[in-house]
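# Coordinates only, no sequence provided:
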């Protein structure tokens, strides 16, 4: 455990429990009281240390057991004004009173942070972009913040956990119960390499209303917010709203005007968000905010962003026609047969050759360039 | 007086001989039927009595007991009416006892003494052999399909009594319609574009490969599937007898006395129950849709909506070509050698051919595709993706290639395959490149051992369709493309 943990030295030993429980235990207990919302919690902790607040409010609850549950799972607890609380949240009027963290809470202090968020049912385009940005940003020393949800969030973290800066996740439910289950492995990887934050104490189920709250915290923890893909209504837009309210720059990845998953992002661009056509755009936004990157990373960014290929792909004959008929949008075999005029065995043979060369791939019978 | 008349009853698609014994004795007037009759047989008491009286034949005011032997077998339907009536006539001395010795009787009686249609006549006629058979005139042609001259048709009880009394000539069976009119099948010419879908259909028809089409609504899945029977060659005489037998047993409306000569096409709705699909019933075991589709096409539209149990029940008949339905009353084997064509959407909203296009949640998608179990999916050699046709092609004036052209290729491919099948040794080995490609796919895990076998078989069919002696690399690629939609339904 590297986190600064108050061992009751700040007067907690004199708390009502008197069993040597640290202040964190009382903070977790206060957050676990049912029907005590964020505002009440903030009020309770505004003037008093958690142990004092706990004894004054006389809530029922077994502090020791609650604390044990957090300790078992390696969940650290910090409260507004206490040690280990992220500095960038301190001045926010809406900051969570008690924050739970799995992993290394240093990550948000030491690295610039960029939120990559978006829809839970993205296109391949969105998944590809999120994964690429995630990997590139992490390699450039920027921590990727995301929500560990399915779709864009997961893809961004998949990219970011490959190497580089520590990834940061902000989740809605308790840290002892990964949600969605499908991302449990990714969750563990993020917790190991970086940090997973939540406002919910252990044992709290992921309820629907917690997601907008989570999205607000996600925005607070980020220097820049980038929406990769979003429908015209979506959770990502809560993040955007929260970021806009705090003056955090918001970027959006442009998409096809025909794609419903880009409706939200294209609308954001029309509303004045900065367009994100590559990692450089994100770096520029970071630089404009005065966030400094480790030296020598700009060149690497230039290198990674442009990778052109010859229009013919170096093919000749029918394979060339086939290559030219393919694009980054998946097309059906019917379309390819019509455009190239090849009969089906020849067409399938050509596609197999292109797939072997790694320039084409099929998605459930539709073909696209890689 | 005692009379014993030969008849037959239907169990599943098979007839069983029944001996109808009629005993008329002194006592309180009454009419009892014993020997496991069902409701329809019990009611024949009233039909027989009324029919006799309306035909001007006296009803005995004595005690009449009818026993249906063997008494352990349940008897159903109204087909025993005629035998009971003849039995009463013989037992009361209105007919000479020796005139019915070489005859069996099957038919339902109307209250006016007329004879009515009985379902399953082919199977009943089979069961009556070697006796000559008397049936309603409307069923005579069907019976003569299997019994030839040994089947006789009469139109009423009066007519029958006169013939038997006078040993007269049987009325001529009306001759069958000159030739079965060509069935009005939908033609592939109506399909614009869809080269891949057509190709898949052709391969399915040529190699009897089960076909699953995956595509969004409006991509022509149903339209294509309905045109599959048009590509299949006409039934052989044995096949057509099997099909007619099953259809006749199920009580399907058949053209009078004409064998089913074209492959049947059955498209049960997705609300169909398991029993409706595989056959059964409490004890009058009836053939199900899969048996009615035998030697033809069973089309399951919206496969994702069928009850899981019903789909899983298809696995064993798909393997064996036979379905054995067992009930407390007995076990019946129905033929079930069908070509399975199925269509489904990639996801509940129908748009999710690839990620992003659809609005379903992952859970929805998983729930939808989970209905199709891996073992069932393995039965499909062809899992093809279909796309909505291009608007230009859809609006084009030029019709697509006609079914006849395609059917000719299918027939040629089938005869090529048949000439090879006789001697397994005659099959040329795969082209080295093709074998190499298959080996590579197996090594990289893209194919399982079973998948490899299936791809090789489909590739053989593709080669047969284009008239190639040897399976080439391109044929393998084609076969691989014909199963690419597996990725959509297994994700």
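Now that the structure is in, tell me what you want to look at. What you are looking at is a predicted structure, and each value in this text was computed from that prediction instead of being measured. Numbering: from 1, shown residues only, chains lettered A, B, ... in the order given.

# Mind pulling the model confidence for residue B:287?
pLDDT, the model's per-residue confidence, is 88 for residue B:287.

# mind checking how far it is from residue B:281?
According to C-beta to C-beta, to the nearest Å, residue B:287 stands 10 Å off from residue B:281. All C-beta atoms are positioned from the backbone trio N, CA, C, and that covers glycine.

# What of residue B:484?
As judged by C-beta to C-beta, residue B:484 and residue B:281 stand 41 Å apart.

# before we move on, the earlier item: residue B:287 and residue B:281 - which one has more neighbours?
Between residue B:287 and residue B:281, counted using other C-beta atoms under 10 Å in any protein chain shown, residue B:287 has the larger neighbour count: 29 against 15.

# ok, now which ones touch that one?
Contact analysis of residue B:287 by C-beta atoms under 8 Å, 6 or more residues apart in numbering or on different chains lists B:12-13, B:246, B:249-250, B:279, B:334.

# Need the phi and psi values for it.
Backbone geometry at residue B:287, expressed as degrees, to the nearest 10, gives phi -60, psi 140.

# Who does it form a beta bridge with?
For residue B:287, the beta-bridge partners are residue B:279 (DSSP bridges).

# Restricted to helices, list the contacts of residue B:287.
B:246, B:249 (DSSP state H).

# name the element residue A:186 belongs to?
Residue A:186 belongs to helix A:184-193 when assigned by DSSP states H and E.

# so what does that helix touch, helix or strand wise?
Of the remaining helices and strands, those touching helix A:184-193 by 3 or more C-beta pairs under 8 Å, 6 or more residues apart in numbering or on different chains; DSSP states H and E are strand A:98-103, helix A:152-160, strand A:168-171.

# Report all helices and strands that the helix or strand following it contacts.
Using DSSP H and E, the helix or strand that follows helix A:184-193 in sequence is strand A:195-198. For strand A:195-198, the contact count by 3+ C-beta pairs under 8 Å, 6+ apart identifies strand A:98-103, strand A:168-171 as packing neighbours.

# Now mean pLDDT and mean neighbour count too, for those, in a markdown table please.
What follows is the helices and strands packed on strand A:195-198, written out as a markdown table (pLDDT from 0 to 100; neighbours: other C-beta atoms under 10 Å in any protein chain shown):
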| stretch | mean pLDDT | mean neighbour count |
| --- | --- | --- |
| strand A:98-103 | 92 | 25 |
| strand A:168-171 | 94 | 30 |
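
# Flag every residue of the stretch 51-200 of chain B that's near chain A.
For the stretch 51-200 of chain B, the contact set with chain A under C-beta under 8 Å from any C-beta of the partner chain comprises B:193-197, B:199.

# Closest to residue B:370 out of those?
residue B:197 (25.7 Å; C-beta to C-beta).

# Might you report the residue contacts of the closest one?
With C-beta under 8 Å, 6+ apart, residue B:197 has these contacts: A:334, B:191, B:213, B:219-220, B:224, B:384, B:386.

# can I get those residues in a markdown table with pLDDT and secondary structure?
As requested, these are exported to a markdown table (pLDDT from 0 to 100; DSSP: H, G, I helix; E, B strand; the rest coil):
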| residue | pLDDT | secondary structure |
| --- | --- | --- |
| A:334 | 86 | helix |
| B:191 | 86 | coil |
| B:213 | 93 | strand |
| B:219 | 87 | coil |
| B:220 | 87 | coil |
| B:224 | 92 | helix |
| B:384 | 91 | strand |
| B:386 | 89 | coil |
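
# ok, which pair from those is furthest apart?
Farthest-apart pair in these is B:191 and B:384; separation 14.4 Å (C-beta to C-beta).

# neighbour-wise, which of those two wins?
Using other C-beta under 10 Å, the more surrounded residue of residue B:191 and residue B:384 is residue B:384, with 27 against 23.

# what's the spacing between that one and residue B:213?
Here the distance between residue B:384 and residue B:213 works out to 6 Å (C-beta to C-beta).

# cool, and residue B:278?
Noted for residue B:278: a distance of 23 Å to residue B:213, by C-beta to C-beta.

# The one helix or strand residue A:348 maps to packs against which elements?
Using DSSP H and E, residue A:348 falls within helix A:344-356. Secondary-structure packing of helix A:344-356 (3+ C-beta pairs under 8 Å, 6+ apart): helix A:318-325, helix A:333-340, strand A:360-363, helix B:195-207, helix B:473-481.
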